[in-house]
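Trainee: I'd like to go over a predicted model; first the sequence, then the structure.
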Amino acid sequence: MHMRTIQSQLEHAVAAAIRVALGFEGQPLLSVSQNDTFGDYQANAAMGLAKKIAESGEKTNPRAVAEKIKSKLDLGEMASDVSIAGPGFLNIRLSPAWVAKQLSAAAAEERMGVDATPNPQTVVIDYSAPNAAKQMHVGHLRPTNIGDAISRLVEFQGHRVIRQNHIGDWGTQFGMLLTYLKESGDGARTQIADLEEFYRAAKKRFDEDPAFAAQSRDRVVRLQAGEAEELALWQMIMRESRHHFEAIYERMNVLLRPEHERGESFYNPFLADVVKELRDAKVAVESEGAIVVWVKGFEAPQIIQKTGGGFGYATTDLAALRFRIRELHAQRVIYVTDARQAQHVRQFFDAAIRAGWTKNVRLDHVMFGMICGPDGKPFKTKMGENVKLNDVLDEAERRGYELAAAKAAEREVPLSDEQLHAIGRAVGIGGVKYYDLARDPIGNYFFDWNKMLSLDGNTAPYLQYVYARIRSIFRKADVTPNMSAPVTSALRKMERMRA
């Protein structure tokens, strides 16, 4: 049985009261109260309705209209108080007993009162997308965290979710790195930090040494042709990179797995055909020796084939979108990227639409802002380098451990060091993830350990603390919560994870 949301129930009741009290239809304009001193929900309809009445020649004021609506408002046991504030704000405070009853009813359902969609779709979600041969940094927190949250929500709705991790694993940068490894003899050093160091050195050589740059470009051609030596080195780089990514995903409890990875290399065989198809559809045209796609509203075109015949990442993104629609049979595709990619995404979406690839397919771009340091700029180390994501997670666990140890000492609860570390991991990493998700996705936010790990307010540590206290009450009272098997199973799983 479907349970209507609290807001929808209130909107229905207020709309009915308006109709009975005033004799015509009106929008409730209901919202969650910004100040819980006045109540839980607030209906702001009276001001607009009073104006409508005045236009008909009848004298009234918003507060009088609100009084009329209140007199006809029937919320039964749902509300403990209905009041009027200011010029006519109708404030509604929910009854704690009624809320408890709703929660009990929801807990008796496997899906907590949320029906699965009657029309499930195949939804491809593109998120995380780190680069091979480089360590994930704090900038990868948001696409990984937000993307994973979206994938879980869409899956919970009843859709078939196909996760895709579009890793940067191809192109000129690998020609540089392979050439450097071959020259230096450092191919045996395979740690991710070593590879990142080699990449920086290779980039410097590429920018300064024309001969090295030429060798690097030749190495890319050999790699693309499947030459054994280049392919073996590239595979080594990918193994180490994948090991690094997977360890972070496991720490963050992110659902991306190796089978979800389709890097740029996967789409390389399709690029020439993508360009041909776009040209045949008159979407792409030649311009100054290159093949480009012009998009209305943008001065510069999107280049899909360079003058020398090479392909850009826009071509790879187009190939990926075409593959997801034709081979994965996506009915909806969601991209989770930095807001600074908005122009690029809009351009290749436009090309795909005009090419006729997206009939009956919905394309969504979920953008997010930057994580900033105290100076309001992208969060970096004192040396100006990107903060490594592993370092953030390490620090989160350390601070979570200290918080757990302090609370255990304060309450004289004997916990082993192993238990404290487990709690610290849940509190620390949970705090970082929750704080990130609780921010407005499109806006920037300041990285703040104190707010992330605060035991007050809308934070993960506070929610975890309340959960632990509730479980403690149950244990001390020797009471088994009256919950459905799925809910009880989920709680037990969480307890095992903490242990």
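Mentor: Perfect, thanks for sending it.
Trainee: Helix or strand next in line after the lengthiest helix in the chain, which one?
Mentor: In the chain, taking DSSP state H as the definition, the longest helix is helix 228-251. Using DSSP states H and E, the helix or strand that follows helix 228-251 in sequence is helix 264-267.
Trainee: How far away from the center of its chain is whichever helix or strand comes after that next one?
Mentor: On the C-terminal side of helix 264-267, the closest following helix or strand by DSSP H and E is helix 271-280. Here the centre of helix 271-280 is set off from its chain's centre by 32 Å, with CA atoms, centre = their mean, to the nearest Å.
Trainee: hmm, who's touching whichever helix or strand comes after helix 271-280?
Mentor: Beyond helix 271-280 on the C-terminal side, the first helix or strand identified by DSSP H and E is strand 284-287. Contact with strand 284-287 is made by 275, 278-279, 291-294, 301, 304, 351, as judged by CB atoms under 8 Å, 6 or more residues apart in numbering. Every C-beta, even on glycine, is put in place using the N, C-alpha and C of the backbone.
Trainee: Show me the helices in the stretch 51-200 of the chain, by range?
Mentor: Secondary structure of the stretch 51-200 of the chain (DSSP state H, counting those that start in this stretch): helices located at 62-71, 96-107, 141-156, 172-184, 192-208.
Trainee: among those, which gets the worst mean confidence?
Mentor: Note on these: lowest mean pLDDT is at helix 96-107, with a mean of 79.
Trainee: gap between that one and the chain center?
Mentor: With CA atoms, centre = their mean, you get 30 Å for helix 96-107.
Trainee: now stretch 356-372
Mentor: 12 Å.
Trainee: avg pLDDT for that stretch?
Mentor: 97.
Trainee: okay, the helices of the stretch 51-200 of the chain in TSV with distance to R4 and mean neighbour count next?
Mentor: Below are those laid out as TSV (distance: least, CB to CB, whole Å; neighbours: other CB atoms under 10 Å):
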stretch	distance to R4	mean neighbour count
helix 62-71	21	20
helix 96-107	10	13
helix 141-156	18	20
helix 172-184	53	21
helix 192-208	50	17
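Trainee: I423: which of the ones you listed is closest?
Mentor: Among the helices of the stretch 51-200 of the chain, the nearest to I423 by CB to CB is helix 141-156 (20.9 Å).
Trainee: What lies in contact with that closest one?
Mentor: Contacts for helix 141-156 (CB under 8 Å, 6+ apart): 111, 114, 123, 125-129, 136, 161, 163, 248-249, 252, 254-256, 334, 336-338, 366, 368-369, 371, 389, 392, 432-433, 436-437, 441.
Trainee: center of the protein - which residue?
Mentor: Against the mean C-alpha coordinate of the chain, by CA atoms, centre = their mean, the closest residue is I146 at 1.3 Å.
Trainee: can you give me the end-to-end distance of stretch 37-57?
Mentor: Taking CA to CA, to the nearest Å, the first and last residues of stretch 37-57 lie 36 Å apart.
Trainee: Show the pLDDT at the residue located most distally from the centre of the chain.
Mentor: Taking CA atoms, centre = their mean as the measure, the residue most remote from the mean C-alpha position of the chain is G57, 51.7 Å away. pLDDT for G57: 87.
Trainee: so how far is I69 from it?
Mentor: From G57 across to I69, the span is 21 Å (CB to CB, to the nearest Å).
Trainee: just checking, I18 touches E25?
Mentor: Yes - using CB atoms under 8 Å, I18 is in contact with E25, at 7.2 Å.
Trainee: between these two, which one's more packed in?
Mentor: I18 (24 against 8; other CB atoms under 10 Å).
Trainee: what residues are up against the more buried one?
Mentor: Contacts for I18 (CB under 8 Å, 6+ apart) come out as 24-26, 28, 45, 49, 69.
Trainee: for stretch 86-103, how far is the first residue from the last?
Mentor: Start and end residues of stretch 86-103 are separated by 32 Å (CA to CA).
Trainee: Residues touching that stretch, excluding its own?
Mentor: 3, 6, 10, 14, 33, 38-47, 50, 61-63, 65-66, 69-70, 73, 75, 77-85.
Trainee: Now find how far off-centre that stretch is within its chain.
Mentor: 31 Å.
Trainee: Same check on stretch 433-453?
Mentor: 12 Å.
Trainee: What residues sit buried inside it?
Mentor: 433-436, 439, 441, 444-445, 447, 451-453 (16 or more other CB atoms under 10 Å).
Trainee: can you redo those as TSV with secondary structure?
Mentor: Formatted as TSV, the buried residues of stretch 433-453 follow (DSSP: H, G, I helix; E, B strand; the rest coil):
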residue	secondary structure
K433	helix
Y434	helix
Y435	helix
D436	helix
R439	coil
P441	coil
N444	coil
Y445	strand
F447	coil
K451	helix
M452	helix
L453	coil
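Trainee: Looking at those, which has the smallest pLDDT value?
Mentor: P441 (89).
Trainee: Settle this for me: that one is touching F368, isn't it.
Mentor: Yes - using CB under 8 Å, P441 is in contact with F368, at 4.6 Å.
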